[in-house]
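Colleague: Fold the following and give me the result.
(4 chains)
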Number of protein chains: 2
Amino acid sequence: MNRVVSPGARKFSLIDVRKESVVNHDLSEATVRERNELRIHDAAENIFARHGYRGASIQAIAAAAGLPKSNVLYYVGSKRRLYITLLERTMWRWNEMLSDISVDDDPAEVLEAFIRSKMRLSQTHPQSSRLFANEILQGAPFLKESLFGDMQEWMEARTQVFRQWAERGLMDPVDPVWLIFLIWSATQHYADFETQIVGITHREKLGDEDFRSASDFLCQVIIKGCGAR
Amino acid sequence: MNRVVSPGARKFSLIDVRKESVVNHDLSEATVRERNELRIHDAAENIFARHGYRGASIQAIAAAAGLPKSNVLYYVGSKRRLYITLLERTMWRWNEMLSDISVDDDPAEVLEAFIRSKMRLSQTHPQSSRLFANEILQGAPFLKESLFGDMQEWMEARTQVFRQWAERGLMDPVDPVWLIFLIWSATQHYADFETQIVGITHREKLGDEDFRSASDFLCQVIIKGCGAR
DNA sequence: TCTAAAGCTGACCGATCGGTCAGGATTTTA
DNA sequence: TAAAATCCTGACCGATCGGTCAGCTTTAGA
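Modeller: Residues are numbered from 1 along each chain as shown, chains lettered A, B, ... in the order given. Just a heads-up that it's a prediction; the model follows:
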């Protein structure tokens, strides 16, 4: 699985964007390119997350990044390429989750780890989550082909383990697909719908304590609810 | 609370849009205006749901409705007004839910009714749900003031009942706010993220049987999870 | 110090945006 | 059947869209 070099040739791939997300955040000794691409990606993730692909404008992204529009295009090539780069980054972060799950693990522990790591992502990378949500709401035009292959594999590997746990009587015989979507949706909600939560519950924003207590709640209810532990 | 007549004066309200949603679907004896507004609203809900406020174009809405752009603007006045009309319709549908909840009811029954009616909305009005999701992702610029007032009241009335149930030992002492958001997110997911669910689970689209089994699953896990029944 | 590469940007392109409007077609009412 | 109200739409407006490009400045390497 080697890196495809010519960026024009490939429409899109989900591999090897690791460097992207581990990019040096110490700007003091980053190259000019690294520093500016980081600013652009941060700004673009915000704008795309709020307004979706069509609703986002390069002008707005440039303004948020504090750069001229021409300069943004100099670095990212096109709106499409920028958007796909950010989508790839998000997908990679998610697909590495629950990567080492085994039938011999304790269901409750695995569920708890899954819920908490997903909540941590909602707290630390809410914009990524919203970007993804927007892509799905659009009908997943960019992810249609490639995403669903990867995610089908991810899903099947996990559901198989869940099913075996149920057979061994370690948890209730619930549909593992619905269970995973339950965890997915409940945790994602704290990123995607933060505005609503904050607005309804009189908060200024969601803080560490909110995420802690919400995580505790979800672990408790979901683990008990499917009879693990 | 009487209806404000001049549409230019009011920025926005969440009252008395009932007629909108109960509009006669038998087109045979509807007026020209009713018939065309229905077509426009349906088309607009689709486009706004996919692309958000900025990403949606009147041109695209007009094409989906099978009308010239000028004609759409003749009926709806402006993009902003059209969008707000659709938002109001959605908010009204949701706020009437669980309207007659009481401390003397059975928690499990109420939770089940809530989950199932919310799932029914996800199935019958997925576009409304996606429209709302898009509005929240944007930061709720149109709902900011008015929505959150109504929803705060709604939330406080329900959480109070939940808290009393917990005091009476009818369910676990879980945070009722997190519980409501759990149900909210889990049920909404089947509308907002249908594309993802369909793509991952090899389905063509979500059918009656899918919604039935998913509803059963959610009722079972959530009710058991918070110790009701 | 000279040169090549990289960084940068204002001006500009055709397309599309939301919205207006004059004026014709059609329907309702008196 | 005449007048009034409603319905309808092509042409057009200034603004903004994504993207290109010539030509400038700055940096890196020999």
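Colleague: okay, now the domains of chain A?
Modeller: When chain A is parsed with automatic domain parsing, its domains come out as A:18-82, A:97-225.
Colleague: Please identify which of the ones you listed is closest to residue B:110.
Modeller: Closest to residue B:110 of those, according to CB to CB: domain A:97-225, at 16.1 Å. Where you see a C-beta, it was placed from the backbone N, CA and C, and this is true even at glycine.
Colleague: quick check, that closest one touching DNA strand C?
Modeller: No: using CB under 7 Å from any atom of the strand, domain A:97-225 never reaches DNA strand C; the gap is at least 14.8 Å.
Colleague: quick one: that domain to chain centroid distance?
Modeller: Offset of domain A:97-225 from its chain centre (CA atoms, centre = their mean, to the nearest Å): 10 Å.
Colleague: what's the span of it, first residue to last?
Modeller: As for domain A:97-225, its first-to-last residue distance stands at 22 Å under the measure CA to CA, to the nearest Å.
Colleague: what helix or strand is residue A:170 on?
Modeller: Secondary structure assignment for residue A:170, by DSSP states H and E: no helix or strand.
Colleague: Would you mind confirming that it makes contact with residue A:105?
Modeller: No: using CB atoms under 8 Å, residue A:170 is not in contact with residue A:105; the gap is 9.8 Å.
Colleague: rewinding a little: next, format the domains of chain A as CSV and append mean neighbour count.
Modeller: Shown next, in CSV, are the domains of chain A (neighbours: other CB atoms under 10 Å in any protein chain shown):
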stretch, mean neighbour count
domain A:18-82, 16
domain A:97-225, 18
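Colleague: mean pLDDT lowest for which of those domains?
Modeller: Here those differ in mean pLDDT, and the lowest is domain A:18-82 at a mean of 86.
Colleague: residue contacts, residue A:210?
Modeller: The contact partners of residue A:210, by CB atoms under 8 Å, 6 or more residues apart in numbering or on different chains, come to residue A:203.
Colleague: Same check on residue A:76?
Modeller: A:37, A:40, A:44, A:82, A:85.
Colleague: helix or strand for the second one, which one?
Modeller: Residue A:40 belongs to helix A:32-55 when assigned by DSSP H and E.
Colleague: The fourth one too?
Modeller: Residue A:82 is part of helix A:79-95 when elements are defined by DSSP H and E.
Colleague: Are that helix and DNA strand D in contact anywhere?
Modeller: Yes: Helix A:79-95 lies within reach of DNA strand D by CB under 7 Å from any atom of the strand, at A:79-80.
Colleague: relative to helix A:32-55, how tilted is that helix?
Modeller: 100 degrees (axes from the mean of the first three to the mean of the last three CA atoms, to 10 degrees).
Colleague: Could you tell me the angle between the helix or strand following helix A:79-95 and helix A:79-95?
Modeller: Going down the chain from helix A:79-95, the next helix or strand is helix A:107-124, by DSSP H and E. Per the same axes, to 10 degrees, the angle that helix A:107-124 makes with helix A:79-95 is 150 degrees.
Colleague: Which strands or helices does the next helix or strand after helix A:107-124 pack on?
Modeller: Per DSSP H and E, the first helix or strand lying C-terminal to helix A:107-124 is helix A:126-137. Secondary-structure packing of helix A:126-137 (3 or more CB pairs under 8 Å, 6 or more residues apart in numbering or on different chains; DSSP states H and E): helix A:32-55, helix A:79-95, helix A:107-124, helix A:176-192, helix B:32-55, helix B:126-137, helix B:176-192, helix B:194-200.
Colleague: Just tell me which of those helices ends up closest to residue A:152.
Modeller: helix B:194-200 (5.6 Å).
Colleague: Packing partners of the helix holding residue A:40?
Modeller: When contacts are defined as 3+ CB pairs under 8 Å, 6+ apart, helix A:32-55 packs onto helix A:58-65, helix A:69-76, helix A:79-95, helix A:126-137, helix B:32-55, helix B:126-137.
Colleague: does DNA strand C sit close to the third one?
Modeller: No: in terms of CB under 7 Å from any atom of the strand, no part of helix A:79-95 sits within range of DNA strand C; the closest distance is 12.1 Å.
Colleague: cool, the first one as well?
Modeller: No: with CB under 7 Å from any atom of the strand as the measure, helix A:58-65 is seen stopping short of DNA strand C, the closest distance being 9.1 Å.
Colleague: Just list what that helix packs against, helices and strands only.
Modeller: With contacts defined as 3+ CB pairs under 8 Å, 6+ apart, the packing partners of helix A:58-65 are helix A:32-55, helix A:69-76.
Colleague: Make CSV from those and add distance to DNA strand C to it.
Modeller: As requested, these are arranged in CSV below (distance: least, CB to the nearest atom of the strand, whole Å):
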stretch, distance to DNA strand C
helix A:32-55, 3
helix A:69-76, 3
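Colleague: rewinding a little: residue A:138 is nearest to which of the helices and strands packed on helix A:126-137?
Modeller: Here helix B:32-55 is closest among the helices and strands packed on helix A:126-137 (CB to CB), at 5.3 Å.
Colleague: Is that closest one in proximity to DNA strand D?
Modeller: Yes: counting by CB under 7 Å from any atom of the strand, DNA strand D has neighbours in helix B:32-55: B:32-33, B:36.
Colleague: out of the residues you listed, who's nearest residue A:56?
Modeller: Using CB to CB, residue B:36 comes nearest to residue A:56 of the residues of helix B:32-55 next to DNA strand D, at 31.6 Å.
Colleague: what's near enough to touch the closest one?
Modeller: Neighbours of residue B:36 in contact, by CB under 8 Å, 6+ apart: B:65, B:67, B:71, B:75.
Colleague: With residue A:63 instead?
Modeller: Counting by CB under 8 Å, 6+ apart, residue A:63 has no contacts.
Colleague: do you know how far residue A:117 is from residue B:208?
Modeller: Residue A:117 is 34 Å from residue B:208, where distance means CB to CB, to the nearest Å.
Colleague: make that residue A:55, sorry
Modeller: For residue A:55, the distance to residue B:208 - CB to CB - is 34 Å.
Colleague: With residue A:58 instead?
Modeller: For residue A:58, the distance to residue B:208 - CB to CB - is 44 Å.
Colleague: how about the residues of chain A near DNA strand D?
Modeller: So chain A meets DNA strand D at A:56-60, A:69-70, A:73-74, A:77-80 (CB under 7 Å from any atom of the strand).
Colleague: let's see 6 Å
Modeller: Within chain A, the residues that sit near DNA strand D (CB under 6 Å from any atom of the strand) are A:56-60, A:70, A:73, A:78-80.
Colleague: Name the nearest of those residues relative to residue B:216.
Modeller: Looking across the residues of chain A next to DNA strand D and measuring by CB to CB, the closest to residue B:216 is residue A:56, at 39.5 Å.
Colleague: out of the residues of chain A next to DNA strand D, who's nearest DNA strand C?
Modeller: Among those, residue A:70 lies closest to DNA strand C (CB to the nearest atom of the strand), at 3.2 Å.
Colleague: Thank you kindly, that will do.
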